[in-house]
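Visitor: Here is my input; please provide its structure:
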Amino acid sequence: MEILTYELRINTEEKFYENVSSIVELQPKSYKYGWIYEIVFEEQKEYYDIIAKLLDSLEGKYEKLQELGIENNDISIWLIYGYNNQCNMEFEPSTLERVGNKGIKLCISCYEAGSE
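Guide: You can find the predicted model right below:
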């Protein structure tokens, strides 16, 4: 089974986790490993530009995050892809431009999920 996970990670002090959730209007399931908002797809058939959606949640909010001491380089977007046979990805150029222009890290981790 293929599993594709997108994570928006914001490195900040634990005392600011609720503030960050309020600013970006996203609520992580837990704060066990820091401020991480996660979207998981199993067997994704259609393409959605989830990276763009995560960037949209940050748009116009960087100044408020900076008030908490969070700089753009404290923000990362992760793609964690469990694949079966081959790992292929493609990205919209405009989305990658947005990531780069904001100084946000894009991190990709692939692993062989195996067949079930």
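
Visitor: can I assume residue 109 is in contact with residue 82?
Guide: No - using CB atoms under 8 Å, residue 109 is not in contact with residue 82; the gap is 9.5 Å. All C-beta atoms are positioned from the backbone trio N, CA, C, and that covers glycine.

Visitor: So which of these two has more stuff around it?
Guide: More neighbours surround residue 82 than the other of residue 109 and residue 82, with 17 against 11 (other CB atoms under 10 Å).

Visitor: What sits closest to the more buried one if chain neighbours are left out?
Guide: Residue nearest to residue 82 in three dimensions, not counting chain neighbours: residue 113, with 3.3 Å by CB to CB, 6 or more residues apart in numbering.

Visitor: Count the residues that sit near the one you found.
Guide: Counted with other CB under 10 Å, residue 113 comes out at 13.

Visitor: Which phi and psi values does it adopt?
Guide: Main-chain torsions, residue 113, degrees, to the nearest 10: phi -80, psi -20.

Visitor: Residue 76 too?
Guide: The phi/psi pair for residue 76 (degrees, to the nearest 10) is phi -140, psi 150.
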